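Q: structure for this input, please:
(one chain, ligands or ions: 1)
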Amino acid sequence: MNTRTPLFYFIELYDHFYQAVWPLIIIQDFPSSLCVKAMIEPAYKDLRPGISMDESIESPIDVRRYVTVETRRRLHQNAFRELVIHAYDEHCAICNLHHPGLLDAAHIIGDLEDEGIPIINNGLSLCKIHHAAYDQNFIGIDQDYLVHVRGDILEERDGPMLKHGLQELEGWNIRTPQKRSEKPDPDRLALRFRDFLSA
Ligand SMILES: [Zn+2]
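A: This is a model prediction of the structure:
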């Protein structure tokens, strides 16, 4: 604390898998409870190229607060991605594709709690194409975990991507996580499915 030495902080997302936060400095010590209070140090600006001391952010305290909020948001998004994809054992819930680099964590209902605890059962591990198709209501997933393809998409004629990647998914059962608490929430799916039906 006295030397303001920058530190790394590792948050465990799941078994031995950590997310790093840096640089942190210790700003307060609570020896009786063996705790410290830490803060993200924005002085190390090379790590945050977007931050500058412009007129909208007047004092270093504001910069610090801004960086802290930004970092928490980013951590939340990263944690959501890692936890959701891990819950599906790194597979697309729809087509089973097993390439983490091609997977996203899709929200069933848009994320209102940017900084809260990521809710895995509001997520689906989807490959890039199925994430975009789900977001744009090309496909819907009902509360019984069945895939539906929009009527006009079913009638189109095109190449193999449309045929095998979308049309043949009609009526498929999605893959869900082993743990009950991580399975997609049927209420959220139902709410979202209404959007799909009206698309
Ligand atoms: Zn997929």
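Q: low-scoring pLDDT stretches of the chain, where are they?
A: Residues of the chain that meet the criterion pLDDT under 70 lie in 42-68, 111-117.
Q: where's Phe80 relative to Arg72, distance?
A: As judged by C-beta to C-beta, to the nearest Å, Phe80 and Arg72 stand 12 Å apart. Bear in mind the C-beta positions are built from the backbone N, C-alpha and C, glycine included.
Q: if you count surrounding residues, which of the two has more?
A: Phe80 (22 against 15; other C-beta atoms under 10 Å).
Q: if we ignore the residues flanking it in sequence, what's nearest the more buried one?
A: Pro118 (3.8 Å; C-beta to C-beta, 6 or more residues apart in numbering).
Q: export the helix or strand encompassing His131 as CSV, just CAs?
A: His131 belongs to helix 128-135 when assigned by DSSP states H and E. Output of helix 128-135 as CSV, limited to C-alpha atoms (Å, rounded to 0.1, in the frame of the first residue of the first chain):
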residue,chain,number,x,y,z
LYS,A,128,-21.3,-17.1,-34.6
ILE,A,129,-23.8,-18.0,-37.3
HIS,A,130,-26.4,-19.3,-34.9
HIS,A,131,-25.9,-16.4,-32.5
ALA,A,132,-26.6,-13.9,-35.4
ALA,A,133,-29.5,-16.0,-36.6
TYR,A,134,-31.0,-16.1,-33.1
ASP,A,135,-30.6,-12.4,-32.6
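Q: quick one on the thing from earlier: wait, doesn't the residue nearest to Phe80 sit right on Ile85?
A: No. Counting by C-beta atoms under 8 Å, no contact exists between Pro118 and Ile85, whose distance comes to 11.6 Å.
Q: what about the most far-flung residue of the chain relative to its centre, distance to Cys127?
A: Note on the chain: the largest C-alpha distance from the chain mean falls to Ser32, namely 37.0 Å (C-alpha atoms, centre = their mean). Using C-beta to C-beta, we find Ser32 at a distance of 51 Å from Cys127.
Q: quick check: Arg175 touching Ala87?
A: No. Taking C-beta under 8 Å as the definition, Arg175 is not a contact partner of Ala87, at 10.5 Å.
Q: so those two - more neighbours on which side?
A: The residue with more neighbours, out of Arg175 and Ala87, is Ala87; 24 against 16, by other C-beta under 10 Å.
Q: quick one, what contacts that one?
A: Each residue near Ala87 by C-beta atoms under 8 Å, 6 or more residues apart in numbering is listed here: 120, 123, 125, 177, 179, 182.
Q: excluding its backbone neighbours, what's nearest Phe30?
A: Phe30's closest residue in space is Val36 (C-beta to C-beta, 6+ apart), at 6.7 Å.
Q: mind checking the SS state of that neighbour?
A: Assigned with DSSP: H, G, I helix; E, B strand; the rest coil, Val36 falls in the strand class.
Q: what about it, how many residues close to it?
A: Using other C-beta under 10 Å, Val36 is surrounded by 15 other residues.
Q: you'd agree Leu103 is up against Leu124?
A: No. Leu103 is not in contact with Leu124 according to C-beta under 8 Å; the separation is 10.2 Å.
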